[in-house]
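A.B. asks: Here's a sequence, model it:
(2 chains)
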Amino acid sequence: MEKDWVIFAEDLEKVYQMGEVEVRALAGVSCSIARGEVVSIMGPSGSGKSTLMNILGCLDLPSSGKYLLDGEAVETLNDDQLADIRNRKVGFVFQSFNLLSRTTALANVELPLRYAGKVPDKKERARAALESVGLGDRMTHRPTELSGGQQQRVAIARALVNNPAIIMADEPTGNLDSKVGKEILDLLLALNRDKGTTLIIVTHDPAIAAQSQRIIHLRDGLVEEKK
Amino acid sequence: MNIGQSIIEALETLNGNKLRSGLTILGIVIGVGAVIAMLAIGQGAQDTITGAISGIGTNLLFVSSGNHVQEVRNPKPLTLSDADAIADPFAAPNVLAVAPIIEGRADVTAGGETMSVSVTGTTPQYFILQNYALLEGDFLTQDNLQGNASAVVIGPGVADKFFGRRNGVVGETIRINGQPFRVVGILESKGGGMFGSQDNQVIVPFTTAQTRLIHRSVLNKVDQLYVQAVSAQAVPFANEEIKQILRQRHRTPVGVDDFTVFSQADFLSIAKTVTGVFTIFLGGIAGISLLVGGIGIMNIMLVSVTERTREIGLRKALGARKRDILIQFLIESSMLSLMGGLIGILLGWLLGFIVGRIAAASGTPFNPVISLNAILLATIFSAAVGLFFGIYPASRAANLEPVEALRYE
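C.D. replies: Numbering: from 1, shown residues only, chains lettered A, B, ... in the order given. Below you'll find the model as predicted:
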């Protein structure tokens, strides 16, 4: 490895057993993403991009293949170790925000730190993360009292509060209008620029993909790399 | 994850669905309340009954003719000379006093009213054995006994009935079976006992009863002997001495005794067994409602896990381990049952209090007792119910696959 790879995946396969039929969602995907890169994953539905994201985000394990995340071999880990890796190295941003509606923005952002074990100054760090996404004045608001864009900002603050190696955004602008969507994308890109956080965006939208440095096209569980 | 924070979060979650949490808690409240109230009522009943038995007098033994366990032919009656033999301090050093009893019913008339009351013929020792106290006047004396006196000590109920008062009655005359008797003393009320109310009785000298009121075919026959042992520890020895003496006198040194000796301790242990069974029975029935409450918790937790599948998936994506999710849901179910338990203790206490009030209003002094044990038992049991019935839903939540859970609509 000459380059500083954050993600180094080789020959990933994922096979689902759907009753009698075997479905090969990934049929040998190899991809590497360098630290600080912005990469889009595109592909029609059924191409395996969600499966790839789940595996790269350590939510799921590949059926076979090799995957190193920030230098750690993932495919041999058990559930609790995977949870730990997700907590420390991955920040997720979802299409539907996935905030806990009963708690405040601050508590939502604090949540990953609560699962991280002994972390000093949890409140301070959560506050700083919210300020960095421009929501310093909305800390005690609940998600229902925030607009869609603000909710997604809270989700981004939550994703970056633990200083992860990568942020995985799954259709981050899918539920937002184009103006707000652009703000959110700009925020993500600014994070990449300022903090050097690796950014992986799963999207349908070519306009968004165009803003990234590299696009990984998936079709039928295989990579068709362009550019 | 920090436990204190988890508890706060669980309370927030439960607070977010007040009606549902409230109804679930209600199931436990009713269960715990019923258990507490039933145990309290059982304990109160036991205290009342054993108290009534203790009120008969301390260190007492009761001797009667016949044998209730084995068949015996031609049992010899107990007589006054049997009583004298047992009272002999050399033959029975553990016996303090003996009172022979002869009992019957008689019509008592005074002031134009007639009532059938129980008449007891006995000796002055009886009053000491029975722990009687006087409102006024005197007990019967040895002189009354020897002189076949027409003297009577009456219970407070009798005084109420005939004179409408409890003082200034000494010196009045009442007629028992038409014969005039002078009232020499009035007993203090003892309340209802297990042998019926002791307040509605009249007590006359044994000799008088035998010759003029209660006729028995055998001369000097007594119905029962009340025997007092020198101390509570001496009761078993006194018991043995009485048996030896009576076997010798009735010429039954071998074979079946033709008499029965029963101690107060025997009564107490029987009463305790009976009320204990009664308490367990009531508590068991109440326990079933607690079980139903527990199933309610399980049901609602399962619904909650299904509803919050996405939340569970999210938490897992953010780094929650299985254990974190398990603990989160266990805390929620324990909080439900614990709160139910605490409110249930209050409810049980209230129920016990109301039952006590109703009993007091209907003339039976009866105090439901809520023991610390019952409270601890109910608290621990309700928390255990929450844990037990929470384990299955919580482990279902903990074992959800993050990918599946996040995709759940």
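A.B. asks: can you tell me the residue of chain A closest to chain B?
C.D. replies: For chain A and chain B, the shortest gap (C-beta to the nearest C-beta) falls at A:Asn87, measuring 2.3 Å. Bear in mind the C-beta positions are built from the backbone N, C-alpha and C, glycine included.
A.B. asks: Chain neighbours aside, what residue packs nearest to that residue?
C.D. replies: Of all residues beyond its chain neighbours, the one nearest A:Asn87 is B:Gly319 (2.3 Å), with distances taken as C-beta to C-beta, 6 or more residues apart in numbering or on different chains.
A.B. asks: residues contacting that neighbour?
C.D. replies: Neighbour list for B:Gly319: A:Ala83, A:Asp84, A:Arg86, A:Asn87, A:Arg88, A:Pro112, A:Tyr115, A:Ala116, A:Asn162 [criterion: C-beta atoms under 8 Å, 6 or more residues apart in numbering or on different chains].
A.B. asks: Find the helix or strand that it is a member of.
C.D. replies: According to DSSP states H and E, B:Gly319 maps onto no helix or strand at all.
A.B. asks: ok, which stretches of the chain are helices?
C.D. replies: By default, I'm working from chain A. Remark: helices of chain A, listed N- to C-terminal, are A:49-56, A:79-89, A:105-114, A:122-132, A:148-160, A:178-195, A:206-210; assignment by DSSP state H.
A.B. asks: wrong one, I was asking about chain B
C.D. replies: For chain B, helices defined by DSSP H occupy the ranges B:3-15, B:18-55, B:80-87, B:125-129, B:142-146, B:156-163, B:206-208, B:235-249, B:264-307, B:309-317, B:322-361, B:372-398, B:402-407.
A.B. asks: Need the contact partners of the fifth one.
C.D. replies: Looking back up the chat, that one is helix B:142-146. B:Thr123, B:Pro124, B:Ala149, B:Ala151, B:Val184, B:Pro205, B:Phe206, B:Thr207, B:Thr208.
A.B. asks: low-scoring pLDDT stretches of chain A, where are they?
C.D. replies: Where chain A drops to pLDDT under 70, the residues are A:1-2, A:225-227.
A.B. asks: tell me, what residue is most central in it?
C.D. replies: A:Met168 (1.3 Å; C-alpha atoms, centre = their mean).
A.B. asks: what separates that one from B:Arg212, distance-wise?
C.D. replies: Distance check for A:Met168 against B:Arg212: by C-beta to C-beta, to the nearest Å, it reads 109 Å.
A.B. asks: And A:Ser40, by the same measure?
C.D. replies: Looking at A:Ser40 against B:Arg212, where the rule is C-beta to C-beta, the gap reads 120 Å.
A.B. asks: So what's the residue count around the residue nearest to A:Thr198 when sequence neighbours are not counted?
C.D. replies: With C-beta to C-beta, 6+ apart as the criterion, A:Thr198 has its nearest non-adjacent residue at 4.3 Å, and that residue is A:Ile166. A:Ile166 sits with 23 neighbouring residues when counted by other C-beta atoms under 10 Å in any protein chain shown.
A.B. asks: Look up which residues are beta-bridged to A:Ile166.
C.D. replies: Here A:Ile166 sits in beta bridges with A:Val90, A:Thr198, as judged by DSSP bridges.
A.B. asks: and what of B:Arg182?
C.D. replies: The residues listed as beta-bridge partners of B:Arg182 by DSSP bridges are B:Ala151, B:Thr173.
A.B. asks: so can I have JSON lines of the helices of chain A showing mean neighbour count?
C.D. replies: Rendered in JSON lines, the data for those read as follows (neighbours: other C-beta atoms under 10 Å in any protein chain shown):
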{"stretch": "helix A:49-56", "mean neighbour count": "24"}
{"stretch": "helix A:79-89", "mean neighbour count": "19"}
{"stretch": "helix A:105-114", "mean neighbour count": "24"}
{"stretch": "helix A:122-132", "mean neighbour count": "18"}
{"stretch": "helix A:148-160", "mean neighbour count": "24"}
{"stretch": "helix A:178-195", "mean neighbour count": "16"}
{"stretch": "helix A:206-210", "mean neighbour count": "15"}
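A.B. asks: Let me have the ones you listed in a markdown table, extended by distance to A:Leu68.
C.D. replies: Written out in a markdown table, the entries for the helices of chain A read as follows (distance: least, C-beta to C-beta, whole Å):
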| stretch | distance to A:Leu68 |
| --- | --- |
| helix A:49-56 | 11 |
| helix A:79-89 | 11 |
| helix A:105-114 | 22 |
| helix A:122-132 | 27 |
| helix A:148-160 | 21 |
| helix A:178-195 | 21 |
| helix A:206-210 | 25 |
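A.B. asks: what's the closest of these to A:Val223?
C.D. replies: When these are ranked by proximity to A:Val223, the top entry is helix A:49-56, at 9.0 Å, counting by C-beta to C-beta.
A.B. asks: quick one: is that closest one near chain B?
C.D. replies: Yes - using C-beta under 8 Å from any C-beta of the partner chain, helix A:49-56 comes into contact with chain B via A:Asn54.
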